[in-house]
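Asker: I would like to see how this sequence folds:
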Amino acid sequence: MRIAISLLLLVSGMGLGISSGQMAIVNGASFNPSQPLASGSFATIFGQNLCGQTAAGTWISAGVLPTTLGGCSVDVGGSHAMMHYVSPGQINFIMPSGLTPGMAPVTVHTGTQTLDGSVEVASGAPGIFAMNGMGLGQGAMLLANTSNTGPFSVTTNGQTTYVEMFVTGLDLSQPPVVMVGGMSAPVAWFGNAPGYAGLQQINITLPAGMAGAGEVPVTVTSGGNTSNATFMGLLPTNAMMQGMPGWGSGMMVNENMPRAHEVRGMAVNPVNHTALIADRNDDVVRVMSLASNDAVATVTLPSGSHAEAVAVSPDGKMAAVALTAMASVALIDLTQNQAVAVVGTGYYPASMAFYGTNLLVANGGGESVSVIDTGTRAITQSVPVAFGPSGMAIGNGVALVASMQSGQLSMIHLSDYSVSNITLPASSFPAQVAISTAANKAIITNPMFNNVLVLDLASNQVTAVDLGAQALGPGGVVTNGTLAYIAAQMSGAVTVVDLNAAKVTKTFAVDPGPCALGIDPSTGQLVVLAEGTGTLDLIDMSSYGITGRMDAGLTERQGSWTLPLISSITPNSASVGSSFTLTVTGSNLQAVKDIEFHVAAVLGSGGGGGMMGGGMGGNGMGMGAEDSGITVSNLQASADGTRITASVQISNAAATGTHQIRLETAEGEVMGMMLLSEFNVTQ
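Answerer: Numbering: from 1, shown residues only. A predicted model of the protein is given here:
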């Protein structure tokens with residue numbers, strides 16, 4: 001069972017990788033383009049025309065796969081690689097054993113030609129598999145000897161909990177180092193998974209001090225290299241829950257059992273003194289009054305969308321919530337407390353920020369930030385950033401994007417959306433970022449090193465500030481004047497940093513697992529979302545005492561909203577002046593009332609579902625605008641919601657180039673996943 005689950009992860013990753021005009025060779029678990037590869041590890045090649053067939057390899061015997069698949073093969077350093085999967089855009093293979101560290105040539109035999117590249121080989125280059133097959137989000141981890149994928153308690157049947165992690169690329173000559181939210185997790189066993197080449201396993205134990213931390217990053221270091229960061233959920237003990245609001249009515253915690261409510265993201269709306277809380281398991285956003293300590297509204301989101309990050313517009317009239325499992329964001333009208341649109345972005349939208357009427361979305365599964373015009377509800381631009389963005393903040397004319405997976409910080413200049421890179425200390429894992437306009441400084445949390453990085457926006461100089469042993473696992477961060485407040489998720493505390501002095505001034509306790517922070521400036525309150533206990537703490541910023549506490553999971557989901565999803569479009573290309581029947585396949589399509597074609601950015605090397613590239617040809621219509629030169633009529637949906645047909649006419653006035661299909665539903669406008677809903681108009 002345990003090995004079967006891990007192999008399913010490899011299959012789920014197929015087709016979700018980085019789209020590139022050139023051949024890219026990456027770790028098959030992390031997909032990080034800057035990471036070396038180890039002998040015997042899973043690897044993936046992304047590109048174009050890699051193989052003329054699509055085929056999956058079958059095991060010849062225990063640990064043995066074919067070296068030729070679909071008429072295609074891969075050689076690394078002159079040795080044949082075992083093949084796991086081939087297609088025109090992606091090849092999954094296993095690095096040959098015994099490769100010498102250093103640069104090695106790679107040759108892909110496509111069946112009709114050869115493609116040449118190279119890869120850096122290291123003795124250890126670990127990657128952690130993820131449940132979504134994209135190398136981020138929930139890690140491929142199991143409660144020992146079960147199929148339980150978490151979250152985990154620190155004890156199981158009263159004894160220390162053992163967790164099995166599935167990885168690739170370990171240097172088995174020495175024990176790996178596993179870090180959980182900046183704390184070391186003891187390694188009980190590590191080695192190759194029996195019978196499965198390339199797949200490895202690490203068994204760790206969970207120290208008692210990790211209880212109640214919520215969802216925190218996990219990394220593996222081996223052979224001098226550190227893996228991608230996936231996440232593990234850590235449940236509180238029942239002792240932590242006693243006395244909390246809601247105790248005894250749904251907040252009791254059983255060992256290693258998921259909770260119905262799992263609050264993860266939060267944003268404060270200072271205009272009306274409310275906090276918006278995203279519940280990942282219940283797929284809702286709760287609007288909580290900071291004055292009455294009660295729920296004002298519950299906004300229902302598409303089922304299975306895994307809502308996480310939340311952002312509120314400067315005027316307090318609109319909110320956006322990241323639907324990480326749907327590669328989309330939902331726009332919420334806060335005057336009605338109702339979701340009005342779902343806009344497709346790149347894979348795994350991780351963080352958002354409003355800039356005027358635009359919404360910037362960092363796509364964690366790729367290398368891009370999508371710019372959404374909230375008026376037209378369409379993507380107007382895509383900005384390339386470092387791989388694996390996780391946090392973003394806007395201020396003083398720039399957007400700073402922290403990329404945990406690649407350890408880099410990108411600065412987007414909002415005047416023209418040009419990008420520059422900020423040098424961070426080696427081996428950083430920048431998670432979240434906040435900007436102080438008063439100090440003209442930014443602060444970036446670095447959870448795996450238990451410090452923060454203070455960036456001077458005038459000089460681009462970076463200063464590291466150690467938070468001390470009482471502030472482990474820094475994650476969420478917010479600024480107020482020249483002070484920054486950092487959520488120490490592993491310690492159940494908040495630390496205050498003076499940005500001008502670059503030093504810690506105070507650390508105080510809050511409820512377990514603080515994951516997101518906000519400020520209500522008119523009341524002088526710091527608002528803390530504690531994932532561990534599922535509570536919202538109100539902190540007086542003068543005394544640092546908890547003045548109020550709310551149950552952040554107070555309300556239940558109202559009704560159901562199933563998001564229509566596109567799996568294919570036929571045809572996906574047509575010329576101006578043509579008429580044809582469009583067929584869209586997918587799921588939940590019975591709710592679609594109309595189809596629109598919007599001019600889109602061009603997918604390119606930023607990939608991972610993000611959109612790269614510049615303008616369109618044709619009539620010069622701006623990106624994101626509906627193309628009035630394309631008309632749709634006679635739309636018919638099948639009763640089971642798996643198929644739509646419609647008559648489409650493309651006039652000579654239509655814009656040429658890439659278009660994005662948008663579905664109109666009774667619940668609002670829906671733009672599907674970027675990679676699955678493209679249509680190309682040719683001359």
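Asker: quick one: the helices in the stretch 501-650 of the chain?
Answerer: For the stretch 501-650 of the chain, helices defined by DSSP state H, counting those that start in this stretch do not occur.
Asker: Same question for the chain.
Answerer: 2-12, 238-241 (DSSP state H).
Asker: And the ones you listed, which one averages the lowest pLDDT?
Answerer: When those are compared by mean pLDDT, helix 2-12 comes last with a mean of 41.
Asker: With adjacent residues omitted, what lies nearest to Gly71?
Answerer: Nearest residue to Gly71, sequence neighbours excluded (Cβ to Cβ, 6 or more residues apart in numbering): Gly111, at 3.9 Å. All C-beta atoms are positioned from the backbone trio N, CA, C, and that covers glycine.
Asker: Do I have it right that Ala516 meets Ile486?
Answerer: No - when contacts are counted by Cβ atoms under 8 Å, Ala516 is not listed as touching Ile486 (11.6 Å).
Asker: any residues in contact with both of those two?
Answerer: Counting by Cβ atoms under 8 Å, 6 or more residues apart in numbering, the contacts common to Ala516 and Ile486 are Gly476.
Asker: where does the stretch 101-250 of the chain have low pLDDT?
Answerer: Scanning the stretch 101-250 of the chain with the threshold set as pLDDT under 70 gives 248-250.
Asker: about what we covered before: so what's the residue nearest to Gly71 up against?
Answerer: Contacts of Gly111 (Cβ under 8 Å, 6+ apart): Cys51, Gly52, Gln53, Gly70, Gly71, Cys72.
Asker: Tell me how many other residues crowd the first one.
Answerer: I take that to be Cys51. 27 (other Cβ atoms under 10 Å).
Asker: cool, the third one as well?
Answerer: If you count neighbours by other Cβ under 10 Å, Gln53 ends up with 13.
Asker: just the fifth one next, same as before
Answerer: The burial count assigned to Gly71 is 14, neighbours taken as other Cβ under 10 Å.
Asker: partner residues bridging Pro514?
Answerer: Under DSSP bridges, the beta-bridge partners of Pro514 are Ala530.
Asker: gap between it and Met318?
Answerer: As judged by Cβ to Cβ, to the nearest Å, Pro514 and Met318 stand 26 Å apart.
Asker: and those two? which has more neighbours close in?
Answerer: Between Pro514 and Met318, counted using other Cβ under 10 Å, Pro514 has the larger neighbour count: 31 against 20.
Asker: pLDDT weak spots in this protein?
Answerer: The low-confidence ranges in the chain, as defined by pLDDT under 70, are 1-22, 248-252, 601-624, 667-669, 671-676.
Asker: quick one: contacts for Gly246?
Answerer: So Gly246 contacts Gly534, Thr535, Asp551, Gly553, Leu554 (Cβ under 8 Å, 6+ apart).
Asker: Kindly report the domain assignment for the chain.
Answerer: 2-122, 127-234, 565-682 (automatic domain parsing).
Asker: highest average neighbour count across those domains?
Answerer: domain 127-234 (a mean of 21; mean count of other Cβ atoms under 10 Å).
Asker: so how far is the first residue of that domain from its last?
Answerer: Taking Cα to Cα, to the nearest Å as the measure, domain 127-234 stretches 21 Å from start to finish.
Asker: Could I get the full set of strands for the stretch 201-350 of the chain?
Answerer: Using DSSP state E, counting those that start in this stretch, the strands of the stretch 201-350 of the chain run over residues 214-222, 225-226, 230-234, 263-269, 274-279, 284-289, 294-300, 307-312, 318-323, 328-333, 338-344, 349-355.
Asker: Redo those strands as JSON lines? Include distance to Ser578.
Answerer: Output for the strands of the stretch 201-350 of the chain, formatted as JSON lines (distance: least, Cβ to Cβ, whole Å):
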{"stretch": "strand 214-222", "distance to Ser578": "49"}
{"stretch": "strand 225-226", "distance to Ser578": "52"}
{"stretch": "strand 230-234", "distance to Ser578": "46"}
{"stretch": "strand 263-269", "distance to Ser578": "45"}
{"stretch": "strand 274-279", "distance to Ser578": "44"}
{"stretch": "strand 284-289", "distance to Ser578": "43"}
{"stretch": "strand 294-300", "distance to Ser578": "40"}
{"stretch": "strand 307-312", "distance to Ser578": "40"}
{"stretch": "strand 318-323", "distance to Ser578": "34"}
{"stretch": "strand 328-333", "distance to Ser578": "30"}
{"stretch": "strand 338-344", "distance to Ser578": "25"}
{"stretch": "strand 349-355", "distance to Ser578": "35"}
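Asker: Please identify which of those strands is closest to Gln525.
Answerer: Ranking the strands of the stretch 201-350 of the chain by proximity to Gln525 (Cβ to Cβ) places strand 263-269 first, at 8.7 Å.
Asker: Let me see the residues that make contact with that closest one.
Answerer: Outside strand 263-269, the residues that reach it (Cβ under 8 Å, 6+ apart) are 214-215, 274-280, 290, 307-312, 316, 319, 321-322, 334, 515-520, 527, 529, 531, 534, 536, 552-553.
Asker: Could you measure from the nearest residue to Thr237 once chain neighbours are set aside over to Leu235?
Answerer: Nearest residue to Thr237 in three dimensions, chain neighbours excluded: Ala211, at 5.1 Å (Cβ to Cβ, 6+ apart). Between Ala211 and Leu235 the computed distance is 7 Å (Cβ to Cβ).
Asker: same question, Gln336
Answerer: Where Leu235 is concerned, Gln336 sits at a distance of 35 Å (Cβ to Cβ).
Asker: got it, and Phe679?
Answerer: When distance is defined by Cβ to Cβ, Phe679 is 45 Å away from Leu235.
Asker: do the same with Ala487
Answerer: In terms of Cβ to Cβ, Ala487 sits 18 Å off from Leu235.
Asker: now swap in Ser303 and tell me
Answerer: Distance from Ser303 to Leu235, by Cβ to Cβ: 24 Å.
Asker: of the two, who's got more company?
Answerer: Leu235 (28 against 15).
Asker: The more buried one touches Asn148, doesn't it?
Answerer: No - in this structure, Leu235 is not within contact of Asn148 by Cβ under 8 Å, at 11.8 Å.
Asker: Show me the common contact partners of those two, please.
Answerer: With Cβ under 8 Å, 6+ apart, Leu235 and Asn148 have common neighbours Asn256.
Asker: For the stretch 501-650 of the chain, just list every one of the strands.
Answerer: Under the criterion DSSP E, counting those that start in this stretch, the stretch 501-650 of the chain contains strands at 503-509, 514-520, 525-530, 535-540, 546-551, 565-570, 573-575, 579-587, 592-599, 630-637, 643-650.
Asker: so can I have TSV of those strands showing distance to Arg264?
Answerer: Converted to TSV, these look like this (distance: least, Cβ to Cβ, whole Å):
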stretch	distance to Arg264
strand 503-509	21
strand 514-520	6
strand 525-530	8
strand 535-540	13
strand 546-551	15
strand 565-570	23
strand 573-575	40
strand 579-587	25
strand 592-599	30
strand 630-637	34
strand 643-650	34
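Asker: Could you measure from the closest residue to Glu164 other than its chain neighbours over to Phe166?
Answerer: With sequence-adjacent residues excluded and distances taken as Cβ to Cβ, 6+ apart, Glu164 is closest to Leu142, at 4.7 Å. As defined by Cβ to Cβ, Leu142 lies at a distance of 8 Å from Phe166.
Asker: How about Thr437?
Answerer: For Thr437 relative to Phe166 (Cβ to Cβ), the value is 44 Å.
Asker: still on that earlier bit, relative to Asn652, which of the contacts of Gly111 is nearest.
Answerer: Gly52 (35.8 Å).
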